[in-house]
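Peer 1: dropping the sequence and predicted coords here.
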Amino acid sequence: MSLCLVKRWCETPLMRRVLQFKVYRRKIQSDNNRTYTLLRHRWMKRLPVFCSGFRMASTQTHKDTIDLSKFPVDRIRNFCIIAHIDHGKSTLADRLLEMTGAIAKTENNKQVLDKLQVERERGITVKAQTASLIYRHQGEQYLLNLIDTPGHVDFSYEVSRSISACQGVLLIVDANQGIQAQTVANFYLAFEAQLAIIPVINKIDLKNADPERVELQIEKVFDIPREECIRISAKLGTNVEAVLQAVVYRVPAPLASIDDPFKALVFDSNFDHYRGVVANIAVFGGRVRKGDRIVSAHLGKSYEVNELGLLRPDEHPTQKLFAGQVGYIIAGMKDVKEAQIGDTLYLQEQPVEALPGFKPAKAMVFAGMFPMDQSDYPGLRSAIDRLTLNDSSVTVQRDSSMALGAGWRLGFLGLLHMEVFNQRLEQEYNASVIVTAPTVPYKAVLSSAKLIKEHGSEEITIVNPAQFPDRSVVSEYLEPMVLGTILSPDSYTGKIMALCLNRRGIQKNMVYIDDQRVMMKYLFPLNEIVVDFYDLLKSMSSGYASFDYENAGYQAADLIKMNILLNGQPVEELITIVHRARAYSQGKAMCERLKDSIPRQMFEVAVQAAIGSKVIARETIKAFRKNVLAKCYGGDITRKMKLLKKQAEGKKKMRRIGNVEVPKDAFINVLKRKIK
Ligand SMILES: Nc1nc2c(ncn2[C@@H]2O[C@H](COP(=O)(O)OP(=O)(O)OP(=O)(O)O)[C@@H](O)[C@H]2O)c(=O)[nH]1
């Protein structure tokens, strides 16, 4: 009884503070480091970026358990893991982290480097992650810097950036599926960067694994001798030690000298609300330490280094970073634009020539984003601002529409990138949005002198179909093209060729990579493959075909603007640019899909597709009222109220266009097509 009372008394807010204060005092005397850590967690979290200097000073007391000066350049290896989606990159990274003691070995280590909620839910990597491993081999210690990269084509920009910080790659291939489209694309990224390529055949534990066949494919397609392949099971940890040894022996040490002036490449960055920009860097020469003044070559601005260290995979502060090493740096930059990806950092007193950097990511898909309710606009604006700070490949422009109000037009690297961004807005910022039909960036060569003067150039890029210029003022329209690679078992070739033809694809090449699998190259208009091509390809090949694409410039095309009318009213958000030859079939398909997407209203709704004033397709949605109380015979009034409330809430998720209620996902659904 008395014990219980004491416990309760201890838990009163006042006593808690007193007791905590005592704990702090005692810890200051006994263990300086831990006290600082506690203080940091309790107080510093609330302080804004300008306090980051003080906060960093507090971490100065951390003991440097890793003495980086012990790792001369010849004992450093920088490598990334590349592969087709789901071939086991993140699982292999888990095993490498465990085996080198970076994380404790437990059953729960599943894709440890996939930290975002969206990555965990979808089971895909979206953002490349770095981890420094310390590996002991034959009495020597090696510092291995690993970068786990995403597999999906939309995030290949992350792969090319990661490659620039490395001298070698582990090219993972699934022992069951063999070489897939992203395996080919990623191989060429590494090959063109002249990196050492270690082929690793994963999932040999699977019943249908056929590592011999995969080795032959690797030899045939990539010209890598089959003896160089390492067979592993990342899941069970089988033979993973051989991978670490291969990294030590086959990946060259970085070409960087400690005697050169400090020079580092920013290959990734993210924004921390309290500390500002955390930039991931690869040091190409010299050394940098805390307190140094560094300059960013892009902006010419100088900063003091507040914190630096390794990622193991969590931040592990150190006093210095040396030539050849990969780590992070925090220098009071308050915006990711100050630490542009591809930028070079150097010491203020030792200017150097900037490193080549990267080509900026090019948005391939544009869509309008609008708040569900205009009163949510300020909140959504701040959510988009914050999310784009951590994803600089998204472009943002203000936009507005008659039906949806004020919003933005955002540019993404692909449709999955757009979906992931949308999901992150909802999950991380609780922001619900309406996304309009995605479109690709078209170009128009203007013929009107007045318009050329207005735009300052003859050629304009159109990212909003509503602003598509009329044929009368244009001499030529251009559409973006891509070179697609399809890998599939040969039994599906006929069906796949029909699909490609249906999407205006032009075959460029077709080779057998073994006696059953075929690789086809097609030139496609981007617009034809961006929305649902991949889904259709997967379903018609029972999931066996894979697809990847790369930019292939622009090509002249006969394009027209197609309007969608709901009860005679044009819907700006549903305007699409189509090829003249496909206008009728696409207009018909869009009307059919809209008929399925829009719930019945109290009145009849005519859904029409029109080119200019000519209607080319029509569907009718019959009048209807859903009586939610139909099954509620007699009974309690509160139950009826609940049902009506639920119906009202459902309606909130709709958008009123003219007098028609349109659900928010209709804008994207309407573009999905079926193969004819
Ligand atoms: N049987 C078996 N399954 C494995 C093995 N390695 C990975 N997997 C499974 O394959 C699936 C995909 O693994 P991930 O490690 O997420 O693949 P990934 O390449 O990182 O995927 P992305 O990041 O989305 O490209 C998971 O369900 C893993 O459990 C293996 O050696 N054997």
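Peer 2: Received it, and whenever you're ready, just let me know what you need.
Peer 1: export the longest strand along the chain as CSV, just CAs?
Peer 2: Secondary structure of the chain per DSSP state E: the longest strand is strand 474-489. Output of strand 474-489 as CSV, limited to C-alpha atoms (Å, rounded to 0.1, in the frame of the first residue of the first chain):
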residue,chain,number,x,y,z
VAL,A,474,1.6,26.4,-84.5
SER,A,475,3.8,25.1,-87.3
GLU,A,476,4.6,21.8,-85.6
TYR,A,477,3.8,19.8,-82.5
LEU,A,478,6.4,17.6,-80.9
GLU,A,479,5.9,14.8,-78.4
PRO,A,480,8.5,13.2,-76.1
MET,A,481,9.8,9.7,-77.1
VAL,A,482,11.4,6.9,-75.0
LEU,A,483,13.4,3.9,-76.0
GLY,A,484,11.8,1.0,-74.1
THR,A,485,13.4,-2.4,-73.3
ILE,A,486,11.1,-5.4,-72.8
LEU,A,487,12.3,-8.8,-71.5
SER,A,488,9.9,-11.7,-71.6
PRO,A,489,9.6,-15.4,-72.1
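Peer 1: that one: partners in the sheet, and parallel or antiparallel?
Peer 2: Strand pairing for strand 474-489, using DSSP bridges, gives strand 442-446 (antiparallel), strand 517-525 (antiparallel), strand 546-556 (antiparallel).
Peer 1: number of residues surrounding residue 611?
Peer 2: For residue 611, the count of nearby residues is 16 (other CB atoms under 10 Å). Every C-beta, even on glycine, is put in place using the N, C-alpha and C of the backbone.
Peer 1: ok, now how distant is it from the ligand?
Peer 2: Residue 611 sits 41 Å away from the ligand, going by CB to the nearest ligand atom, to the nearest Å.
Peer 1: before we move on, what about residue 273?
Peer 2: Using CB to the nearest ligand atom, we find residue 273 at a distance of 27 Å from the ligand.
Peer 1: what does residue 262 give?
Peer 2: Distance of residue 262 to the ligand, computed by CB to the nearest ligand atom: 33 Å.
Peer 1: rewinding a little: and the longest strand of the chain, what's buried?
Peer 2: Residues of strand 474-489 classed as buried: 474, 477-488 (neighbour count, 16 or more other CB atoms under 10 Å).
Peer 1: just send those residues back as CSV, with pLDDT too.
Peer 2: Rendered in CSV, the data for the buried residues of strand 474-489 read as follows (pLDDT from 0 to 100):
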residue, pLDDT
474, 90
477, 94
478, 95
479, 94
480, 93
481, 95
482, 93
483, 93
484, 92
485, 92
486, 93
487, 91
488, 91
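Peer 1: between those residues, which is nearest residue 299?
Peer 2: Closest approach between the buried residues of strand 474-489 and residue 299, by CB to CB: residue 480, at 30.8 Å.
Peer 1: element containing whichever residue of the chain sits closest to the ligand, please.
Peer 2: At 2.6 Å from the ligand, residue 151 is the closest residue in the chain, using CB to the nearest ligand atom. According to DSSP states H and E, residue 151 maps onto no helix or strand at all.
Peer 1: can you give me phi and psi for it?
Peer 2: Main-chain torsions, residue 151, degrees, to the nearest 10: phi -100, psi -20.
Peer 1: can you check residue 405 too?
Peer 2: Residue 405 adopts backbone torsions of phi 80, psi -150, taken as degrees, to the nearest 10.
Peer 1: residues touching it, list them.
Peer 2: 370-371, 374, 377 (CB atoms under 8 Å, 6 or more residues apart in numbering).
Peer 1: Throw the residues you listed into a markdown table and include secondary structure, thanks.
Peer 2: As requested, these are arranged in a markdown table below (DSSP: H, G, I helix; E, B strand; the rest coil):
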| residue | secondary structure |
| --- | --- |
| 370 | strand |
| 371 | strand |
| 374 | helix |
| 377 | helix |
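Peer 1: assumed residue 593 was part of a helix.
Peer 2: Yes. Assignment of residue 593 by three-state DSSP places it within a helix.
Peer 1: from the contacts of residue 405, which shows the smallest pLDDT?
Peer 2: Lowest pLDDT within the contacts of residue 405 is found at residue 374 (79).
Peer 1: what number of residues lie near it?
Peer 2: Neighbour number of residue 374 under other CB under 10 Å is 12.
Peer 1: cool, residue 379 as well?
Peer 2: Residues near residue 379, counting by other CB under 10 Å: 13.
Peer 1: same deal with residue 213?
Peer 2: Neighbour count for residue 213, taken as other CB under 10 Å: 17.
Peer 1: and the helix or strand containing it, is it in reach of the ligand?
Peer 2: Of the helices and strands defined by DSSP H and E, residue 213 is found in helix 211-222. No. Applying CB under 6 Å from any ligand atom, one finds helix 211-222 out of contact with the ligand, separated by at least 11.6 Å.
Peer 1: how far off strand 517-525 does that helix point, in degrees?
Peer 2: Angle, helix 211-222 to strand 517-525, by axes from the mean of the first three to the mean of the last three CA atoms, to 10 degrees: 40 degrees.
Peer 1: got the residue ranges for the strands in the stretch 551-676 of the chain?
Peer 2: Using DSSP state E, counting those that start in this stretch, the strands of the stretch 551-676 of the chain run over 559-566, 569-570, 576-579, 605-611, 614-621, 654-657, 660-663.
Peer 1: next, format those strands as JSON lines and append mean pLDDT and distance to residue 541.
Peer 2: JSON lines is the format used below for these (pLDDT from 0 to 100; distance: least, CB to CB, whole Å):
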{"stretch": "strand 559-566", "mean pLDDT": "90", "distance to residue 541": "30"}
{"stretch": "strand 569-570", "mean pLDDT": "83", "distance to residue 541": "39"}
{"stretch": "strand 576-579", "mean pLDDT": "89", "distance to residue 541": "25"}
{"stretch": "strand 605-611", "mean pLDDT": "89", "distance to residue 541": "31"}
{"stretch": "strand 614-621", "mean pLDDT": "88", "distance to residue 541": "30"}
{"stretch": "strand 654-657", "mean pLDDT": "55", "distance to residue 541": "36"}
{"stretch": "strand 660-663", "mean pLDDT": "72", "distance to residue 541": "31"}
